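**Student:** heads up, no residue letters with this:
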């Protein structure tokens, strides 16, 4: 056994090594290493910009409008962002919102039931759509781009066709006089006043969900798994992470988000246009990417997409407040996207420089 | 030929393979392999690319299932459907790609899939302090020094990552440690470091399966050598039955080269003097 190497003597090594090696990275660098920092700096810059050019943007009421706009996008950008950290896309997210509100509206109206029954039916359908996406993905191992492109087209067709079968029209009937409507509206679409500022209840829901998601992502087992399946799928599986379950749950969370936003739209407008929602899935992805979620997965945060949605809301409303032609909106959005990407990449490079 | 068991007849093998084979459709990736892994021993599996080394460890580690033969752990026949099941029986694998997530911090990688938590659901949360402390201690015990446990594991050197992965397997109670080409991408010095950890794991009483295509590395730490060729076991011998030279010849495709020696001799510029005769290779 003379050729065998000897065992290192751990005690001798550890005695000489420098203690406290975890505490050395400076606070500034750790802050810059967070994925959402780029979006935060961007949000401050956009806010300052519109504050300067549009005096009416400075009013408190304007802020609540911006926040409302941001919340309806942010409620979906959040689960889409989580899914993106988990390494997948969901192109069906936009039309899934409409599927959700159509289901609730028609289920309650056609069966003349309490609208809450429709809300529950919509929840089940939305979760089922998410489950379908996730299940097909993990079983076929096809790219999520293709799987969800398929479900995007299917849902789009179903939305139109089924609505026409039941209502003979492309929109659903008004459900505002039905039983349970008022309590449902209070939950999903009411106006509330906090310290004298009136705002939509969705803003509070949004902030609450972002807080919960942040906690789960950074402090819970599931969050660890999300980063792992997005960062290196096979490695995660090899060390015992339930990869399939994690991905399916992420898709179902997008379904949950679609349900919530769908319910908000239904109880805000009382009827639903069956052809809407197309194109929104890209806005969700844009918000998540501006918020620092890596397109290839494994990196990002829950608060990042919130900043992304906030920037989106500011640009939408800021253009109006500044009195500019809203036709320019998409152009600005594209500029924002590219700018955010450059900023994020730059910040990340600064943070990882040693 | 069966595995020679005279040297360590007193220790019972943890893992035994009998005639284990694997078919991918019509393709035979592995056929009729016998192997025994005993605690406190390093079993080296050698072979060229495509020899079936990876298939073999994937079967042992539970990523794939064998299609013929018997795979026994502690004498009981098993058939793992996930790596988790193999892990639960103490069979841990350190893969070529190390099964780490490059963008995640060192400590999160260390505990990935086996996170420590505290508190009750729904407030059950990662016990970050405790995990960091354990990682710090474990890495330290292996003599690995890192500046910062928060740094993404992708920023570590190959040898460091390898060592972290070995430390992780040892910490999680592995009885059998499967190392898939741990020295393949490393320089001489870093390979030495990894070989040290292999020896350290063996001295802790683990059964180590060391997959490599470098007979020199294998001979430095190995107790038993198995050479695979084209999916079949070409050699299975204990350390005292085989010399480094023989091992190298088997490994380097010596058998095939010897058969080609005659033909090669007619080609100008090919030196065949050093190639062994076919007769020298049979054991």
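**Tutor:** Happy to help now that I have it. Worth saying up front: this structure is predicted, and the values here are computed from it rather than measured.
**Student:** how close does residue A:342 sit to residue B:203?
**Tutor:** 53 Å (CB to CB, to the nearest Å). (Glycine included, C-beta is placed from N, CA and C.)
**Student:** actually residue B:85, not the one I wrote
**Tutor:** Taken as CB to CB, the span from residue B:85 to residue B:203 is 28 Å.
**Student:** same thing with residue A:326?
**Tutor:** On the measure of CB to CB, residue A:326 and residue B:203 end up 73 Å apart.
**Student:** and what of residue A:179?
**Tutor:** The gap separating residue A:179 from residue B:203 is 75 Å, by CB to CB.
**Student:** same thing with residue A:55?
**Tutor:** From residue A:55 to residue B:203 the distance is 76 Å (CB to CB).
**Student:** One more: residue B:128?
**Tutor:** According to CB to CB, residue B:128 stands 32 Å off from residue B:203.
**Student:** Which residue of those two possesses the greater neighbour count?
**Tutor:** Taking neighbours as other CB atoms under 10 Å in any protein chain shown, residue B:128 and residue B:203 compare with residue B:128 leading, 16 against 12.
**Student:** I'd like the average pLDDT over the helix or strand containing residue A:77.
**Tutor:** Under the criterion of DSSP states H and E, residue A:77 resides in helix A:60-85. Mean pLDDT, helix A:60-85: 94.
**Student:** for that helix, packing partners?
**Tutor:** Helix A:60-85 sits against helix A:93-110, strand A:197-200, helix A:201-219, helix A:221-231, helix A:243-269, helix A:280-290, helix A:303-321, with contacts defined as 3 or more CB pairs under 8 Å, 6 or more residues apart in numbering or on different chains; DSSP states H and E.
**Student:** can I get those in JSON lines with distance to residue B:13, mean pLDDT and mean neighbour count?
**Tutor:** Listed next are these as JSON lines, based on distance: least, CB to CB, whole Å; pLDDT from 0 to 100; neighbours: other CB atoms under 10 Å in any protein chain shown:
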{"stretch": "helix A:93-110", "distance to residue B:13": "53", "mean pLDDT": "95", "mean neighbour count": "27"}
{"stretch": "strand A:197-200", "distance to residue B:13": "68", "mean pLDDT": "89", "mean neighbour count": "16"}
{"stretch": "helix A:201-219", "distance to residue B:13": "43", "mean pLDDT": "96", "mean neighbour count": "18"}
{"stretch": "helix A:221-231", "distance to residue B:13": "33", "mean pLDDT": "94", "mean neighbour count": "25"}
{"stretch": "helix A:243-269", "distance to residue B:13": "32", "mean pLDDT": "96", "mean neighbour count": "24"}
{"stretch": "helix A:280-290", "distance to residue B:13": "51", "mean pLDDT": "93", "mean neighbour count": "25"}
{"stretch": "helix A:303-321", "distance to residue B:13": "52", "mean pLDDT": "91", "mean neighbour count": "26"}
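**Student:** now stretch B:94-108, how far from the centre of its chain.
**Tutor:** 17 Å (CA atoms, centre = their mean, to the nearest Å).
**Student:** what is the rounded mean pLDDT of that stretch?
**Tutor:** pLDDT averaged over stretch B:94-108 gives 82.
**Student:** Next: stretch B:56-70.
**Tutor:** 88.
**Student:** How is chain B divided into domains?
**Tutor:** As assigned by automatic domain parsing, chain B contains the domains B:15-252, B:253-283.
**Student:** which stretch among those domains comes nearest chain A?
**Tutor:** domain B:15-252 (3.6 Å; CB to the nearest CB).
**Student:** Look up phi and psi at residue B:179.
**Tutor:** Phi and psi for residue B:179, reported as degrees, to the nearest 10, are phi -110, psi 110.
**Student:** Oops, could you answer that again for residue A:92 instead?
**Tutor:** Dihedral angles for residue A:92 - degrees, to the nearest 10 - are phi -90, psi 0.
**Student:** Okay, helices next: where are they in the stretch 151-283 of chain B?
**Tutor:** With DSSP state H, counting those that start in this stretch as the criterion, the stretch 151-283 of chain B has helices at B:158-171, B:188-203, B:215-221, B:244-251, B:254-265, B:278-281.
**Student:** Tell me which of the ones you listed is the most buried.
**Tutor:** helix B:158-171 (a mean of 23; mean count of other CB atoms under 10 Å in any protein chain shown).
**Student:** Just want the angle from that one to helix B:188-203.
**Tutor:** Helix B:158-171 and helix B:188-203 are oriented at 10 degrees to each other (axes from the mean of the first three to the mean of the last three CA atoms, to 10 degrees).
**Student:** now what about helix B:158-171, what contacts it?
**Tutor:** B:92-95, B:98-100, B:106, B:109-110, B:134, B:138-139, B:141-142, B:144, B:146, B:153, B:156, B:177, B:179, B:182, B:185-186, B:189-191, B:193-194, B:197-198, B:201, B:204, B:206 (CB atoms under 8 Å, 6 or more residues apart in numbering or on different chains).
**Student:** Let's see that with 6 Å instead.
**Tutor:** Residues from elsewhere that reach helix B:158-171, judged by CB atoms under 6 Å, 6 or more residues apart in numbering or on different chains: B:92, B:94, B:98, B:110, B:138-139, B:142, B:144, B:177, B:182, B:185-186, B:190, B:193-194, B:197, B:201.
**Student:** cool, and stretch A:252-271?
**Tutor:** Identification of contacts with stretch A:252-271 by CB under 6 Å, 6+ apart yields A:75-76, A:79, A:83, A:90, A:93, A:96-97, A:100-101, A:104-105, A:122-123, A:126-127, A:129-131, A:171-172, A:174, A:176, A:184-185, A:188-189, A:202, A:272.
**Student:** so how far is that stretch off the chain centroid?
**Tutor:** With CA atoms, centre = their mean as the basis, stretch A:252-271 stands 13 Å off its chain's centre.
**Student:** The helix or strand containing residue B:84: what's the following helix or strand?
**Tutor:** Secondary structure assignment for residue B:84, by DSSP H and E: helix B:83-88. Remark: after helix B:83-88, the chain's next helix or strand is strand B:91-94, criterion DSSP H and E.
**Student:** what helix or strand does residue B:60 sit in?
**Tutor:** Assigned by DSSP H and E, residue B:60 belongs to helix B:53-61.
**Student:** from the chain's centre, how far out does that helix sit?
**Tutor:** Relative to the centre of its chain, helix B:53-61 is centred 9 Å away, using CA atoms, centre = their mean.
**Student:** touching chain A at all, that helix?
**Tutor:** No: remark: helix B:53-61 sits outside contact range of chain A, by CB under 6 Å from any CB of the partner chain, the gap being at least 7.8 Å.
**Student:** Mind listing what's buried along that helix?
**Tutor:** B:53, B:54, B:55, B:56, B:57, B:58, B:59, B:60, B:61 (16 or more other CB atoms under 10 Å in any protein chain shown).
**Student:** quick one, what contacts the nearest residue to the fifth one once chain neighbours are set aside?
**Tutor:** Spatially, and ignoring its direct neighbours in sequence, residue B:57 is nearest to residue B:178 (5.2 Å; CB to CB, 6 or more residues apart in numbering or on different chains). Shown in contact with residue B:178 (CB under 6 Å, 6+ apart): B:57, B:61, B:93, B:209.
**Student:** From what I see, the second one and residue B:84 are in contact.
**Tutor:** What that stands for is residue B:61. No: Residue B:61 lies out of contact with residue B:84 (CB atoms under 6 Å); the separation is 10.6 Å.
**Student:** quick revisit: which of the contacts of helix B:158-171 count as buried?
**Tutor:** B:92, B:94, B:98, B:110, B:138-139, B:142, B:144, B:177, B:182, B:186, B:190, B:193-194, B:197, B:201.
**Student:** which of the residues you listed lies closest to residue A:59?
**Tutor:** Of all these, residue B:110 has the smallest distance to residue A:59: 51.4 Å, by CB to CB.
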